[in-house]
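>>> Show me how the following folds:
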Amino acid sequence: MEKLNIIPIGKIDQKILDYLKIELRKKFGIEVEIAEPMEKPDYAYNPKRRQYHSTSILEKISKLTNGVILGVVDLDLYVPDLNFVFGEAAPLMRMAIISLVRLRQEYYGLPKNESLFRERVIKEAVHELGHVFGLNHCRDPKCVMHFSNSLFDTDKKSSSFCPKCSVRLSNC
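So this is what the prediction gives:
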């Protein structure tokens with residue numbers, strides 16, 4: 001596999017970027033670098049929804065660098081047919097994006113829980129990168145590639161690939 005570039009988009013806590021760098025290196029066994037940050041993506045903002053269109057951000061990122069890319073934003077993302085997305089992958093462009101906003105307990109009016117937040121962040125990053133590396137959604141509810149329709153689904157699954165997805169990943 002090639003190198004993975006993590007691109008912070010807007011203001012992102014350096015601790016989360018460092019955490020992703022370490023964990024993604026372990027999960028995929030590839031070199032991971034944190035790239036120069038991009039400006040806040042005002043061009044992708046939809047004032048009616050008060051959210052950012054994730055596909056527009058991916059299109060902009062695609063012009064920046066080669067290799068596999070994971071964009072990280074601390075903004076609420078959407079695609080037109082859904083109320084929100086935790087992330088989006090563009091496998092043909094070898095890139096994905098994740099949002100941190102809805103992964104925090106505080107978003108739902110609950111007390112802050114840093115370890116749960118980090119667990120959710122790595123699950124979403126691994127899930128979206130799994131798509132980039134050729135995996136589809138998995139029926140195993142514990143597999144990281146299982147579709148998350150809600151945070152409940154994300155919390156139920158692990159941050160690891162099931163045996164079937166692990167084999168598929170090694171063949172990609």
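
>>> got the contact list for the biggest helix by length in the chain?
Longest helix in the chain by number of residues, with DSSP state H as the criterion: helix 114-132. Helix 114-132 is contacted by residues 4, 16, 19-20, 23-24, 27-28, 68, 70, 72, 86-91, 94-98, 100, 103-105, 144-145, 148, 151, 154-155, 157-161, 165, 169 when judged by Cβ atoms under 8 Å, 6 or more residues apart in numbering. In this view, the C-beta of every residue, glycine as well, is placed from N, C-alpha and C.

>>> List buried residues within these.
4, 16, 20, 23-24, 27-28, 68, 70, 72, 86-91, 94-98, 100, 103-104, 144-145, 148, 151, 154, 157, 159, 161, 165, 169 (16 or more other Cβ atoms under 10 Å).

>>> Keep only those of these that are in strands.
Counted as lying in strands by DSSP state E, out of the buried ones among the contacts of helix 114-132, are 4, 68, 70, 72, 87-90, 95-98.

>>> can you redo the residues you listed as CSV with distance to residue 61 and pLDDT?
CSV is the format used below for those (distance: Cβ to Cβ, whole Å; pLDDT from 0 to 100):
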residue, distance to residue 61, pLDDT
4, 13, 94
68, 11, 92
70, 10, 97
72, 11, 98
87, 13, 95
88, 11, 96
89, 12, 96
90, 9, 93
95, 6, 95
96, 10, 97
97, 7, 97
98, 12, 98
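
>>> Residue 52: which of those is nearest?
Of all these, the one with the least separation from residue 52 (Cβ to Cβ) is residue 97, at 9.6 Å.

>>> quick check, distance from the longest helix of the chain to the centre of its chain.
6 Å (Cα atoms, centre = their mean, to the nearest Å).
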